[in-house]
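Enquirer: Everything below, folded, please.
(2 chains, ligands or ions: 2)
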There are 2 protein chains.
Amino acid sequence: QSAEEIDCDINGEYVIGCRKEGDEVYLPFSFLHKYFEVYGKLATYDGLERFEWSHSYSRVYHPKGKYDPRGVFMYFENYNVEVRDRVKCVSAVEGVPISTQWESQGYYYPTQIAQFGLSHYSKNLTEPEPRRKIIEDGERELAKWGVPHPGTIERVYDKTAGSKVLKFKTGELYLDAIKLKMEHVLDFIMSLNIVLSGNSSFSIVLQNRETREIYNLHYITSDVLITVQDNNVYHGLGMNQEWKKLTRDLIVDLQKGLNYLDKDKSKRKIPKSKLKIITILLRGYGAIDNLTLSSSEHIQQFYDAAEWFVRHQDTETGGWPIPVKRKLASGFHDLQSGWYSAMGQGHAISVLSRAYHHSGGDVRYLQAALAGLKPFQVPSTKGGVLATFLNKYHWYEEYPTKPASFVLNGFIYSLLGLYDLMTIAPPGQADEAEFLFREGMISLKGMLLFYDMGSVTSYDLRHVTLGVAPNLARWDYHATHINQLLLLSTIENEPLFAQTAERWIGYMAGKRAAHN
Amino acid sequence: QSAEEIDCDINGEYVIGCRKEGDEVYLPFSFLHKYFEVYGKLATYDGLERFEWSHSYSRVYHPKGKYDPRGVFMYFENYNVEVRDRVKCVSAVEGVPISTQWESQGYYYPTQIAQFGLSHYSKNLTEPEPRRKIIEDGERELAKWGVPHPGTIERVYDKTAGSKVLKFKTGELYLDAIKLKMEHVLDFIMSLNIVLSGNSSFSIVLQNRETREIYNLHYITSDVLITVQDNNVYHGLGMNQEWKKLTRDLIVDLQKGLNYLDKDKSKRKIPKSKLKIITILLRGYGAIDNLTLSSSEHIQQFYDAAEWFVRHQDTETGGWPIPVKRKLASGFHDLQSGWYSAMGQGHAISVLSRAYHHSGGDVRYLQAALAGLKPFQVPSTKGGVLATFLNKYHWYEEYPTKPASFVLNGFIYSLLGLYDLMTIAPPGQADEAEFLFREGMISLKGMLLFYDMGSVTSYDLRHVTLGVAPNLARWDYHATHINQLLLLSTIENEPLFAQTAERWIGYMAGKRAAHN
Ligand SMILES: [Ca+2]
Ligand SMILES: [Ca+2]
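Expert: Numbering: from 1, shown residues only, chains lettered A, B, ... in the order given. Ligands and ions are numbered 1, 2, ... in the order given. Sure thing, here's the model as predicted:
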């Protein structure tokens, strides 16, 4: 029996070519893929080819135990925020990523900075201890620097650093740089303490082990975030000539540099395994200490984020302003530059709560976290993040739009921030966070099912507030909804969360709610 | 190029057989039908076979003009309520259908009775004038009755009837019946005025023109609704020995009789074209007048419904009680026998408003319609039909469940009843209906989009009130939602209705709301 060609009329709208064999009609997957947005690919196992149909992509994480605000945040140990395309670079002034999501110039986006911090905090707990190689500490590890005339180095005690450091001074020519040659592979997280005067720089030379192509990463006294000329990538350390702790993922810095001028971001991706560090260069006048190459320095990167939140909080409102205008969708008023996000606030509070815990009680973190609660009490119409659903439910808005948008995942993230703080704050200082958390949980229980679309979930409630089509969640947001509910199930004995998560998992495999 | 067999793994859960041709993989429709619940069939046009794929069934009715409460109700001219399987029979006491939907014994279901009335009212407007043949009126049309000994007939003036009528009296044997022989085809709506004493009957003998099988329809002095013995079908006229107007669809009466004892309801369906009336029989003691056979008597059947609502309204509450217990779904409390439905009330008001209009102002209909508003002001927790959504929106419940269910189509039907009454009631008597209608429309605008599931609609909001899976509307309810919105668009200039209807029409052709 062989297949014959047959036309198939689709809803009276157009015709596609199909196959017929006996009583069965076969429809082409290329049509089904577009019509139903399902996925499929040919795969071969043990020499046998077969076709794999997937209703969805994305992953569900089943929590292994009760969520602990001192522990991993969600499943963020799997996040790698700084490598995302929408991260322009990691600021060498702040040590945190710069977003280009809504403005190509780049800006500090609190939500992203917090996710950077939370992912490094989480990785620090889940990954093995890093390999570390100290290159130069002015005391025990003394590197063999090549110092061309008229340069000098000396290892002297520095009061601010509280340790012996390597002071250097070089001539003004490019070739006058003080040089440390090496053949270093595998571990590309560089950390050091550094102070540079104007027109000075600290540089790393990387080489592609196959093509032998050379790349120079320069850290310079400048306010420029990142700039690139040929194979030279420049990151500014700011104009502040004080000691600072610098932690750099050299692979990220290189890749952001290569991508910076390049439209096709995939083209110049160089695998870590193909790279080696061949030289470290010092130019101008400055000092370094504790120069180290490691397989990771997650907790340092976490603290870079935590410190950013301490430094950049609006002391009056307690908010971390988002410095770009944002239009969520046609029908919503613009969010004006400087708006606050409940997700940004909540994430920041999650970072700061962990920093308070991890630091053994540094109150700067606690105070910033507590101040970060303020926008939760201010209506979104008055610059805060609090919306109200039909005069009944309080909702913390990821996007405090007019009219309200009620984005689900951002709201739940904000609840996690509140839960983190109420758990970690000392007795007597947890009340406001706990109040806000309890209120939010009541709203979540009352409103959760509005997001259930019977075969997918809705990202927000704009369909109700704007009177338009639902903004359905793509599968990764759908999976986030599920992951969040599964996590909440571990801290609140509420069957609604587990049952709903279970049904939503079914949606990912094509199971639908019944019709009458 | 020929198709080869290939296995397709569905979401890692099971494997189906597919075909592969070049780069294209073809999936069997039998799988797609089950997986996505889409429809398809082979059809041949001009000798060419093709496959027709339908995303949905059901029909959308685009209104031709502004909705007129004096005119056709929705598209109910297409309804044929009494032939539905869940109609046990049409009561010969009341002239209205008996439902078996929730209780196999059968009961008067106000919603169904109203739909019966509204469909006949609408057919009366859309169908051509009926053919009518008067058989006997005691005056101008005198039939040739065969009167065996000791029977008698006489045509005498009757004060109650206000006309000359045919009085009859027969012996007690079965063969003593007074007989009128005929060969009548095509028009099987029989109407007459009749009064019977106990143990008397009026019978119609039908014959299958092909098989020559005989069927007897007996209308008897009894409270039995319907009963059947062999080919004898009995409908009770009640025990009340007064003149009554009887309008019977003989085909319906026969079919309900044949189905009565039969499980397989399709087996004994006899097409109208195969039947003829061969005899009319009078037994016992009684009188008839205006015996007529017609192609239709829609307005009489409409008034049978209207009169039912006048007679069976609870004078205190204004409600038409539904005499069966009903559990809408697991999680809802039972509705106890005697509950009211906003849809039943609204439909009844639509019937009564039209009866008030059509009768030229019979106030009995207006008074019943106005009294029918009462349950709209009484909370569903206190025996009425009024629910409140999140302290904000008033909603008229088709099923006044605890917790509330917020069934959409029943709510909109109730709004149409309110609109009908506020339009038809004389000035000064429309205020309450108008107030309730306006309130309801505000709720509908505020809540409509909660029913939008992005690719289908939800029948109700049980997912929110019970915290369970949405109860998705099957396609005919989905089409009802659309038809109702299109109708409302003709009476209220609200773009939300037309835009939403347009999008929901798209869902029927597989178009989905976008995801982010
Ligand atoms: Ca040192
Ligand atoms: Ca007469």
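
Enquirer: Does stretch A:157-169 reach ligand 1?
Expert: Yes - using CB under 5 Å from the ion, stretch A:157-169 reaches ligand 1 at A:163-164. The way it works is simple: take the backbone N, C-alpha and C, and place the C-beta from them, glycine included.

Enquirer: Quote the end-to-end distance of that stretch.
Expert: 16 Å (CA to CA, to the nearest Å).

Enquirer: ok, the residue of chain A found nearest ligand 2 - contacts?
Expert: Going by CB to the ion, ligand 2 is nearest to residue A:516 of chain A, at 50.8 Å. Going by CB atoms under 8 Å, 6 or more residues apart in numbering or on different chains, residue A:516 touches B:459, B:471-474, B:477.

Enquirer: So residue A:432 lies in a helix, does it not?
Expert: Yes - Residue A:432 sits within a helix when classified using DSSP: H, G, I helix; E, B strand; the rest coil.

Enquirer: what's the burial count for it?
Expert: Look at residue A:432: counted by other CB atoms under 10 Å in any protein chain shown, it has 17 neighbours.

Enquirer: which residue sits closest to it in space, ignoring its chain neighbours?
Expert: Nearest residue to residue A:432 in three dimensions, chain neighbours excluded: residue A:373, at 5.3 Å (CB to CB, 6 or more residues apart in numbering or on different chains).

Enquirer: And for that neighbour, the neighbour number?
Expert: Neighbours around residue A:373, by other CB under 10 Å: 20.

Enquirer: Contacts only, for residue A:243.
Expert: A:158, A:160-161, A:193-195, A:287.

Enquirer: Tell me which entries of those residues lie within strands.
Expert: When the contacts of residue A:243 are checked against strands (DSSP state E), the matches are A:158, A:193-195, A:287.

Enquirer: now what about stretch A:108-116, what contacts it?
Expert: A:76, A:79, A:81-82, A:87, A:91, A:94, A:96-99, A:101, A:301, A:305, A:308-309, A:312, A:320-323, A:341, A:343-345, A:347-348, A:350-351.

Enquirer: Correction: the previous question concerned stretch A:27-46.
Expert: A:8, A:10, A:16-18, A:49-57, A:510, B:8, B:24-27, B:29, B:32, B:36, B:53, B:510, B:512.

Enquirer: How about the residue in chain A positioned nearest to ligand 1, nearest residue that isn't a chain neighbour?
Expert: Using CB to the ion, the closest approach of chain A to ligand 1 is made by residue A:163 at 3.5 Å. In this structure, residue A:163 finds its nearest non-sequential neighbour in residue A:289, 6.0 Å apart by CB to CB, 6+ apart.

Enquirer: Regarding the one you found, what is its secondary structure?
Expert: Put simply, residue A:289 is strand when judged by three-state DSSP.

Enquirer: Next: residue A:180.
Expert: strand.

Enquirer: any idea how far chain B is from the closest residue to it other than its chain neighbours?
Expert: Distances taken as CB to CB, 6+ apart place residue A:280 nearest to residue A:180, at 4.4 Å, with adjacent residues excluded. The gap separating residue A:280 from chain B is 45 Å, by CB to the nearest CB, to the nearest Å.

Enquirer: check contacts around residue A:98.
Expert: A:87-91, A:106-108, A:225.

Enquirer: no no, residue A:297
Expert: Residue A:297 neighbours (CB under 8 Å, 6+ apart): A:130, A:189, A:191, A:247.

Enquirer: Against residue A:411, how distant is the second one?
Expert: Think residue A:189. The gap separating residue A:189 from residue A:411 is 35 Å, by CB to CB, to the nearest Å.

Enquirer: again, but for the last one
Expert: Spatial separation of residue A:247 from residue A:411 under the definition CB to CB is 33 Å.

Enquirer: swap in the first one?
Expert: Distance check for residue A:130 against residue A:411: by CB to CB, it reads 36 Å.

Enquirer: Also the third one?
Expert: Distance check for residue A:191 against residue A:411: by CB to CB, it reads 37 Å.

Enquirer: Just the buried subset of the contacts of residue A:243, please.
Expert: A:158, A:161, A:193-195, A:287 (16 or more other CB atoms under 10 Å in any protein chain shown).

Enquirer: Give me every residue in the stretch 1-150 of chain A lying close to chain B.
Expert: A:2-3, A:6-11, A:13, A:15, A:18-21, A:24-30, A:32, A:35-37, A:40, A:42, A:48-55 (CB under 8 Å from any CB of the partner chain).

Enquirer: In strands only, show me these.
Expert: Per DSSP E, these map to strands at A:6-10, A:15, A:18-21, A:24-28, A:40, A:42, A:48-54.

Enquirer: buried subset of these?
Expert: In these, burial by neighbour count holds for A:6, A:8-10, A:18-21, A:25-28, A:40, A:50-54, counting by 16+ other CB under 10 Å.

Enquirer: For stretch A:103-117, what is the distance to the chain centroid?
Expert: Distance, stretch centre to chain centre, for stretch A:103-117: 8 Å (CA atoms, centre = their mean, to the nearest Å).

Enquirer: So for that stretch, mean pLDDT?
Expert: The average pLDDT for stretch A:103-117 rounds to 96.

Enquirer: Enumerate the positions of it that are buried.
Expert: A:106-117.

Enquirer: list the buried ones in stretch A:260-276?
Expert: A:260, A:270, A:275-276.

Enquirer: One more: stretch A:441-458?
Expert: Neighbour counts over stretch A:441-458 (16+ other CB under 10 Å) mark A:441, A:443-458 as buried.

Enquirer: From one end of that stretch to the other, what's the distance?
Expert: 19 Å.

Enquirer: mind listing the helices in the stretch 1-150 of chain A by residue range?
Expert: A:29-36, A:110-126 (DSSP state H, counting those that start in this stretch).

Enquirer: When residue A:130 and residue A:411 are compared, which one has more neighbours?
Expert: Neighbours per residue, other CB under 10 Å: of residue A:130 and residue A:411, the larger number sits with residue A:411, 24 against 15.

Enquirer: pLDDT wise, what is that one at?
Expert: 98.

Enquirer: from the buried residues of stretch A:103-117, which is closest to residue A:336?
Expert: Using CB to CB, residue A:107 comes nearest to residue A:336 of the buried residues of stretch A:103-117, at 14.1 Å.

Enquirer: Would you agree the residue nearest to residue A:180 is in contact with residue A:203?
Expert: Yes - with contact defined as CB atoms under 8 Å, residue A:280 counts as touching residue A:203 (7.2 Å).

Enquirer: neighbour count winner among the two?
Expert: Remark: of residue A:280 and residue A:203, residue A:280 carries more neighbours, 25 against 19, as counted by other CB under 10 Å.

Enquirer: Kindly state the beta-bridge partners for that one.
Expert: residue A:180, residue A:204 (DSSP bridges).

Enquirer: Can you tell me the closest non-neighbouring residue to the residue sitting nearest the centre point of chain A?
Expert: In chain A, the residue lying closest to the centroid (CA atoms, centre = their mean) is residue A:81, at 3.1 Å. Closest residue to residue A:81 apart from its sequence neighbours, by CB to CB, 6+ apart: residue A:116 at 4.3 Å.

Enquirer: Same check on residue A:177?
Expert: Once flanking residues are discounted, residue A:177 sits nearest to residue A:281: 4.3 Å by CB to CB, 6+ apart.

Enquirer: and if you look at residue A:197?
Expert: Using CB to CB, 6+ apart and skipping the chain neighbours, the partner closest in space to residue A:197 is residue A:285 (4.6 Å).

Enquirer: how many other residues sit next to that neighbour?
Expert: Neighbours of residue A:285 using other CB under 10 Å come to 17.

Enquirer: Residue A:195: what's it in contact with?
Expert: Counting by CB under 8 Å, 6+ apart, the residues that residue A:195 touches are A:241-244, A:286-288.

Enquirer: rerun that using 6 Å as the cut-off
Expert: A:243, A:286-287 (CB atoms under 6 Å, 6 or more residues apart in numbering or on different chains).
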